[in-house]
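> Sequence below, structure please.
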Amino acid sequence: GHGGPISCLCMSEDRRWLGTADNGREPLLIIWDSYTGIPVHTLFNGPTEGSVIALAFSKDAKYLATLGGGEQQCVHIWDWTNEQDTPLWVANLYSELGFQSYIIFNPGDSTELLSNSDSQVLFYKATEGNLEYIAPYLNDKSFNQSVGSLGQSLFHWRGQQALTATSAGNLVLWDEGDEAAGRNAIKLLPLQREAITVLTSTDRWIVTGDVLGHIKFYDENFRLMSWYSDFSLDAIASISFSKDAAPEPSQDYPESCILADQPFVSRSFVVSTVRATVVHVKTPGGGPQTLLREHCAPLHAVACHPRRPILAMGSHSGILKVCDYNTKLTLASRVYESERIQCLIFDPQGFYVAVGFASGAVHILDASSLHSDAEDCFHFSDNSITHITFSLDSMYLATADTGKAVTVFHLHSSPGSTTQQWQLVGRHISHYKPIRELLFGVHLDSTRPRLLSLAMDRRLVEYDLDSSMEQQLLVLSAERVEQSAVPQCMTWYPPLSTERFLLTASDQHKMKLLNSTTNMCRKTLLGPTYESPVQKMVVLPGSSYTYYLAFITKDKVGLQILPLDGNPYSSLAVVCHPGGVSQLVCSFDGRFVFTSGGADGTVLRWRINPHALQATAALGGSHLDPFYALLEGGRGGTLCREMEDLFYYCQLRHQGIDSMAPRQVSTSIPLTEVPFLMRALGFFPSEQELEDMQNEVKFSKYAETGKYVKEVDLAEFLRLYINHRPAFGISRKELAESFRVLGFWDGSGRMAIPRDQLLELLQARGEHMREDEVVECLTVLSGEHMREEVEGEGILPATGASEKHAANEEYSLDCVIPESISAETFTGHILGFPSCMKTRDKSCPSE
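Numbers count the residues shown, from 1 in each chain. Predicted coordinates:
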């Protein structure tokens, strides 16, 4: 139910209610019924600033306390059982008190709480309409010895006293003084040398956990009664005790450390550690049972076996695990003590696992045992391996690294030997920006493998795998596939037609089908539009009639119906890792997809439900209904009617406006009229984009009929318009950023671009414009508004401009454009936008 990473949770005393909070842009506070897993109450009006970083239920679960994490911290107490959307009590905290990170109710009095930072403990008391707090004084001078940083706190079951654990192994004892002074630190108890990380209680015992993984039990007089130190755990993160009936004393329990011949009776408990280990300790007599031992560092590497329900995972902690994702059983594991695993993959036969490390090393392991020979470990790069892939015949292995280089290995058979050995083919720095995708395929006329890479430099590079030059990887071809968009990923398009395609996705929410042989853009389509663009995609295994495309964005995982057509209702996406998703793979049978969250150290398995997606697409309408819905105003709106009028006007224009001959009624217009119609509708594509549009229509039926298409009807034009125009238009923010990059802060505190620089960019960079084209375009765009602005700034003499305009003479560039044109002038008076650039703040850097 949360839209952001869950930042904290708490349980009620009876374990019935679970409270969770997140730190998203619109944080939610949700109370769940833990018996059914159903949310019973949601609070939308949490802290006014920042997220919730700590939660606590009162003992009777009537009240819920939240501790905000913004610059101005605040404590809210909610009576969530009355379904109120406003808190009962609120306390705003001063920043001088330190960043409070822990909060707890007094189990004997629901109107009392405490919270603490690493240096300050606060005690709260709820009165009629107010939540007041005191901040008792505490530092090293209080007891003439080091106190240490404060950790967790606890109310003593006696009610008046409270305890706080410290990083120096001490307990601070708080007790009530006079009514005005409240609680004060009255004693510092040195329990141990190691830092105490957890402080809790059960029955009549005070329980601590420390950085060594030891768990100790003390009585109410702080005498050590028992401890557990042989579990080989790392630092303790939490301890949770069973809520079953209190156990009866028996000889099965261990002896107390203080009372001779008396058993030490405690409940069973669960311990979690900072390195993602969860252990269950059953009393009496039961040893520790490891429930979970997971990755405690960023996890980016995940791969599925090509023939079996097996998943491999690797993290920056150096742990490589292979498990059966149906039974959840670990089949094999290996730990690299000094390496960080960055990526991995199974070969198509399922015999090998290739692992890429952040150090630049590459290891090729046996898929069953995870063992490797020394000759199968390579280290030809000092840069982190970001991509790793096998050819379809398992004979080639390719890697890409952060040094923008591609390295290829080949499984070579030595003459007269039955064994095969991996050898380096070559390495090539083929890009000047980070590589986004590395992909093997096969040539159309044979089964020979081919290797392609796509990078943020917008270049698609193919490599020569048949080169006879020893340990040299040569480039076969390199083509620019995007003009302004930045490619994010690519994959092979399934065989839905006689033509073979590469599918690419860009940061402008567009997808392109490129001919696999010529790399010609054959189709441009509107991709999924879920705030962030598609980061990675994979075609799910399917029949020859039905295919689906799984994809991930910055924080979502989604499913898309194939073939692509730009229909927005043909895709669905849900939040998977709100902190960011780093990898996507699918199972061998296409039933599941797996996502890794990178920094959150988790891998999630998602079941594919194509029927839900098909139902959503059906509800979106058929034929052109989904595309009309994307037009401003819909099918009956002004834009749609204007499009129809202009479409028919293009027919008249092509036949000649002044022609007296009988008109030929038609439902289509020539392909040559498409650029004019696009511009008339306010979309100004570049010459390359126009060429892509014309090729898209011209070759749309060539593979089937061998003939070119030279006309386009209104339905086809509507699809072209929707798929090719910017997904979200051109924002003022983008224009402001362009001026920030190209311009300078002028004397009046505005961003401006020198005229000479602007003209040079228009005429010498990108798609070149002639000088007369620049004059014509800027004159038409500027009109009287531009002239009035320029004359008002005193840059262009009003008289001279009026005389030239009256004489209908051709303007020079000096007359049309002032010496320096400000962002406000360009956006407001040339493009007709409201003002988007403000006067420069004096604190702004002078870049």
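> Excluding covalently adjacent residues, which one is nearest to residue 372?
Excluding the flanking residues, the one nearest residue 372 by C-beta to C-beta, 6 or more residues apart in numbering is residue 365, at 4.6 Å. (Glycine included, C-beta is placed from N, CA and C.)
> For beta bridges, what are the partners of that neighbour?
Judged by DSSP bridges, the bridge partners of residue 365 are residue 353.
> which ones are touching it?
334, 352-355, 371-372, 376 (C-beta atoms under 8 Å, 6 or more residues apart in numbering).
> Tell me the buried residues within those.
334, 352-355, 372, 376 (16 or more other C-beta atoms under 10 Å).
> got TSV for the residues you listed, with pLDDT and distance to residue 749 too?
As requested, those are exported to TSV (pLDDT from 0 to 100; distance: C-beta to C-beta, whole Å):
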residue	pLDDT	distance to residue 749
334	92	61
352	94	62
353	96	59
354	96	56
355	97	55
372	89	63
376	88	63
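> Tell me the one of the residues you listed nearest residue 451?
Closest approach to residue 451 among the buried ones among the contacts of residue 365 (C-beta to C-beta): residue 354, at 14.7 Å.
> OK, contacts around that closest one?
Neighbouring residues of residue 354 by C-beta under 8 Å, 6+ apart: 344-345, 347, 362-365, 388, 390, 397.
> and with 6 Å instead?
345, 364, 388, 397 (C-beta atoms under 6 Å, 6 or more residues apart in numbering).
> tell me which element the first one is part of?
So that's residue 345. Per DSSP states H and E, residue 345 falls inside strand 341-346.
> Adjacent strands (with direction) for that strand?
Neighbouring strands of strand 341-346 in its sheet, by DSSP bridges, are strand 352-357 (antiparallel).
> and residue 35, how many residues sit next to it?
9 (other C-beta atoms under 10 Å).
> Can you list phi and psi of the residue nearest to it when sequence neighbours are not counted for me?
Of all residues not flanking residue 35 in the chain, residue 16 sits nearest, at 6.6 Å (C-beta to C-beta, 6+ apart). Here is the backbone geometry of residue 16 (degrees, to the nearest 10): phi -80, psi -40.
> From the structure, what's the count of residues near residue 16?
13.
> With the one 5 residues further on instead?
One way to gauge burial is a neighbour count; for residue 21, by other C-beta under 10 Å, it gives 29.
> how would you label it: helix, strand or coil?
Assigned by DSSP: H, G, I helix; E, B strand; the rest coil, the conformation of residue 21 is strand.
> Equivalent analysis for the one 10 residues further on, please.
Residue 31 carries the three-state label strand when classified by three-state DSSP.
> who's in contact with it?
By C-beta under 6 Å, 6+ apart, residue 31 lies in contact with 17, 19, 40-41, 80.
> Now do the strands in the stretch 501-650 of the chain.
Along the stretch 501-650 of the chain, the segments classed as strands by DSSP state E, counting those that start in this stretch run 501-506, 510-515, 521-526, 536-539, 547-552, 556-562, 571-575, 583-586, 592-596, 603-607.
> Switch those over to JSON lines; also include distance to residue 705 and mean neighbour count.
Shown next, in JSON lines, are those (distance: least, C-beta to C-beta, whole Å; neighbours: other C-beta atoms under 10 Å):
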{"stretch": "strand 501-506", "distance to residue 705": "18", "mean neighbour count": "23"}
{"stretch": "strand 510-515", "distance to residue 705": "17", "mean neighbour count": "22"}
{"stretch": "strand 521-526", "distance to residue 705": "15", "mean neighbour count": "21"}
{"stretch": "strand 536-539", "distance to residue 705": "27", "mean neighbour count": "20"}
{"stretch": "strand 547-552", "distance to residue 705": "24", "mean neighbour count": "24"}
{"stretch": "strand 556-562", "distance to residue 705": "23", "mean neighbour count": "21"}
{"stretch": "strand 571-575", "distance to residue 705": "30", "mean neighbour count": "17"}
{"stretch": "strand 583-586", "distance to residue 705": "35", "mean neighbour count": "20"}
{"stretch": "strand 592-596", "distance to residue 705": "37", "mean neighbour count": "23"}
{"stretch": "strand 603-607", "distance to residue 705": "41", "mean neighbour count": "15"}
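> Residue 76: which of those is closest?
The nearest among the strands of the stretch 501-650 of the chain, by C-beta to C-beta, is strand 571-575 at 25.2 Å.
> circling back: let me have the contacts of residue 365 in JSON lines, extended by distance to residue 603.
Formatted as JSON lines, the contacts of residue 365 follow (distance: C-beta to C-beta, whole Å):
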{"residue": "334", "distance to residue 603": "17"}
{"residue": "352", "distance to residue 603": "21"}
{"residue": "353", "distance to residue 603": "16"}
{"residue": "354", "distance to residue 603": "19"}
{"residue": "355", "distance to residue 603": "16"}
{"residue": "371", "distance to residue 603": "23"}
{"residue": "372", "distance to residue 603": "23"}
{"residue": "376", "distance to residue 603": "26"}
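> Closest one to residue 320 out of those residues, please.
Taking C-beta to C-beta as the measure, residue 320 lies nearest residue 334 of the contacts of residue 365, at 4.7 Å.
> show me the contacts for the closest one.
Counted by C-beta under 6 Å, 6+ apart, residue 334 has contacts 320, 370.
> From residue 294, how far out is it?
To residue 294, residue 334 is 15 Å away according to C-beta to C-beta, to the nearest Å.
> do residue 667 as well
From residue 667 to residue 294 the distance is 62 Å (C-beta to C-beta).
> Secondary structure class of residue 40, three-state.
Secondary structure state of residue 40, per three-state DSSP, is strand.
> Pull the contacting residues for it.
Counting by C-beta under 6 Å, 6+ apart, residue 40 makes contact with 31, 33.
> if we can go back for a sec, out of residue 667 and residue 294, which sits in the more crowded spot?
residue 294 (17 against 11).
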